[in-house]
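> I'll drop the sequence and a predicted model, then ask my questions.
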Amino acid sequence: MIESKVDFASLSLFPATRAQVEESWCRTWPQWGGTLSLAEYIAREVEMESMDHAKDGKFITWVLAPRDDPTTLDFMCSCETFKRSGLVAYPSSSTSEPNSVHEVTCYAIASVFTPPSKRGRGYASHMMSLLHWVIASHVNLPKFPEAWGAPPEQVAGASEGLFSCLYSDVGEDFYRLAGPGGKEGGWETRGAVSTIWDVGAEEGDDNGWTWLTQEQLNGLWDRDAGRIKKELENMLTSDTSYEVERPAAFVTYLPTNGVCGFHIPRSTYALDFSMAGGVWGIQSLNDPDTYACWSVDLRPPPPTLIITRLCASEETFPGLILKIRQAARRSGIGKVEVWKLREGLRDIAKRTGGRMVIRNEHLPQMMWYGAGTMKNIEWAYNEKFSWC
């Protein structure tokens, strides 16, 4: 049954009660549950809540609900946010000085969902417009539209985000049009590019390489965060590989605090799958700055090994991708995929059998809340580890 539309001024955005969180899971399970039963799906979400990327208040479910009945289970739609640590680098005015890099608060957005009976009324778009007002500093936001009533109340542990990102499966326009004042000014697409290899049959010994288990990856991500910071300090202010012509700032999430780590248990939950040897990463013994880690995408088949973070030079990349393809093949996986491979490695990828494709799903979209406009902001390290 399709319901009549409710006036936006009578609605606002609220952090969900526990009952509303569970109701949101019941709503999304038919579409996103895959082969999991409802009980398994809810159990997975409960387990995810306790992990490093979500615990200690970093994870919030939001609902668009009537102002006079904010705890109702008949809310209009819902979404989730994950508070994260990120970096922003402001280009130096002097070629002899490093860029100015700062650790900042940022947000990842997921699970935007409206039940079928409430679709076609603009609720999800309105919810996303309101979301800016609870996760960002208001300094650079426009005037709050009077037609929407009062702004949503600030929530302890949220706000002050310098940027936010999401991954759209409904095209580019929906979230771009959901700005903080409505009508455009929302999230913009950046680099929806994948490179994909068939695993092939080429083998090789493991000399010079060390395979990494899930537990061993935590230390790798900590060191990786330091490397990312150093690279941002020295990042060129202009490059043909950038999405924007001359960035006013570079932004990135950090892979630490469970951001990269949660991909593994989420992708394998309640499924009869494990990587051969329990390996989820690899690192060069000869060059410790060459490494990669991954998760898997088992649904729909055929399964794909998804590289979540990759670091290599032009010299070391061919050997690294060969080892990753071997890991996939040994685990019965037929394809390897990496998101937004840096330009310097793309020709090498092609020579090693990789093919570049522009994705029409999981589109990376970003919103900037700092000074200036989105058109001058470059999303660095736009890799799969950022996804949620």
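Received it, and whenever you're ready, just let me know what you need.

> Enumerate the positions of stretch 135-143 that are buried.
Using 16 or more other CB atoms under 10 Å as the test for burial, stretch 135-143 gives Ile135, Ala136, Leu141. All C-beta spots, glycine's among them, are computed from the backbone N, C-alpha and C.

> do the same with stretch 155-171
Ala158, Ser159, Glu160, Gly161, Leu162, Phe163, Ser164, Cys165, Leu166, Tyr167, Ser168.

> In a markdown table, list these along with distance to Thr290.
Listed next are the buried residues of stretch 155-171 as a markdown table, based on distance: CB to CB, whole Å:
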| residue | distance to Thr290 |
| --- | --- |
| Ala158 | 38 |
| Ser159 | 39 |
| Glu160 | 36 |
| Gly161 | 33 |
| Leu162 | 31 |
| Phe163 | 29 |
| Ser164 | 31 |
| Cys165 | 27 |
| Leu166 | 31 |
| Tyr167 | 27 |
| Ser168 | 32 |
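
> from those residues, which is closest to Asp297?
Nearest to Asp297 among the buried residues of stretch 155-171 is Tyr167, at 13.3 Å by CB to CB.

> wait, the closest one sits on Gln365?
Yes. Using CB atoms under 8 Å, Tyr167 is in contact with Gln365, at 7.2 Å.

> before we move on, the earlier item: in the buried residues of stretch 155-171, find the pair that's most separated.
So, those by CB to CB: farthest apart are Glu160 and Ser168, at 24.3 Å.

> Phi and psi next, for Asn257.
phi 60, psi 40 (degrees, to the nearest 10).

> OK, contacts around it?
By CB atoms under 8 Å, 6 or more residues apart in numbering, the contact list for Asn257 reads Asp52, His53, Arg84, Ser85.

> Show me where the stretch 201-350 of the chain has its helices.
Under the criterion DSSP state H, counting those that start in this stretch, helices of the stretch 201-350 of the chain are mapped to 214-233, 263-268, 317-330, 343-351.

> swap that for the stretch 1-150 of the chain, please
Counting by DSSP H, counting those that start in this stretch, the helices of the stretch 1-150 of the chain are 18-32, 38-49, 123-135.

> Please name the residues that touch Ala65.
By CB under 8 Å, 6+ apart, the contact set of Ala65 is Leu11, Ser12, Phe14, Gln20, Thr71, Thr72, Phe75, Met76.

> Skip the chain neighbours and tell me the closest residue to it.
Phe75 (4.1 Å; CB to CB, 6 or more residues apart in numbering).

> Give me the pLDDT value at that neighbour.
You'll see Phe75 listed with a pLDDT of 98.

> what does Met1 give?
pLDDT, read off for Met1, is 55.

> do the one 10 residues further on as well
Predicted confidence (pLDDT) at Leu11: the value is 98.

> what separates it from Trp148, distance-wise?
Distance, Leu11 to Trp148, by CB to CB, to the nearest Å: 8 Å.

> Which of the buried residues of stretch 155-171 fall in strands?
If you go by DSSP state E, those have Phe163, Ser164, Cys165, Leu166, Tyr167, Ser168 in strands.

> Turn those residues into TSV, columns for distance to Glu233 and pLDDT.
Compiled in TSV, those are given as follows (distance: CB to CB, whole Å; pLDDT from 0 to 100):
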residue	distance to Glu233	pLDDT
Phe163	19	98
Ser164	24	98
Cys165	22	98
Leu166	28	98
Tyr167	28	98
Ser168	31	98
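
> and which of the residues you listed is nearest Val251?
For those, the minimum distance to Val251 (CB to CB) is 5.1 Å, reached by Phe163.

> Ile377 against Met367, yeah?
No. Ile377 lies out of contact with Met367 (CB under 8 Å); the separation is 9.3 Å.

> who has more neighbours, these two?
Neighbours per residue (other CB atoms under 10 Å) separate Ile377 from Met367, with Met367 holding more: 28 against 22.

> Just to check, the more buried one is in contact with Ala178?
No. With contact defined as CB under 8 Å, Met367 and Ala178 do not form a contacting pair (9.3 Å).

> tell me, what's touching the two both at once?
Common neighbours of Met367 and Ala178 (CB under 8 Å, 6+ apart) are Gly186, Trp187.

> Now do the shared contacts for Leu11 and Trp148.
Counting by CB under 8 Å, 6+ apart, the common neighbours of Leu11 and Trp148 are His126.

> List the backbone torsions phi and psi for Ser94.
The phi/psi pair for Ser94 (degrees, to the nearest 10) reads phi -130, psi 140.

> Would you quantify the distance from it to Ala327?
44 Å.

> what's the most buried one of the helices of the stretch 1-150 of the chain?
Stretch with highest mean neighbour count among the helices of the stretch 1-150 of the chain: helix 123-135 (a mean of 23; mean count of other CB atoms under 10 Å).

> Which of the buried residues of stretch 135-143 sits closest to Ser386?
Using CB to CB, Ile135 is the member of the buried residues of stretch 135-143 that lies nearest Ser386, at 16.1 Å.

> that older thread, buried subset of the contacts of Ala65, written for ChimeraX?
Remark: buried members of those, expressed as a ChimeraX selection using 16+ other CB under 10 Å:
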select :11,12,14,20,75,76
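
> Skipping its backbone neighbours, what lies nearest Ser85 in space?
Counting by CB to CB, 6+ apart, Ser85 lies nearest to Leu254, which is 5.1 Å off, once chain neighbours are set aside.

> now Tyr175
Per CB to CB, 6+ apart, closest to Tyr175 is Trp187, 4.2 Å.

> Help me confirm that the one you found comes into contact with Asp173.
No. The pair Trp187 / Asp173 is not scored as a contact, 10.4 Å apart, by CB under 8 Å.

> and Met235, what does it touch?
So Met235 contacts Ala89, Pro91, Asn99, Phe250, Ala380 (CB under 8 Å, 6+ apart).

> The second one: neighbouring residues, count only.
As a burial measure, Pro91 scores 19 neighbours (other CB under 10 Å).
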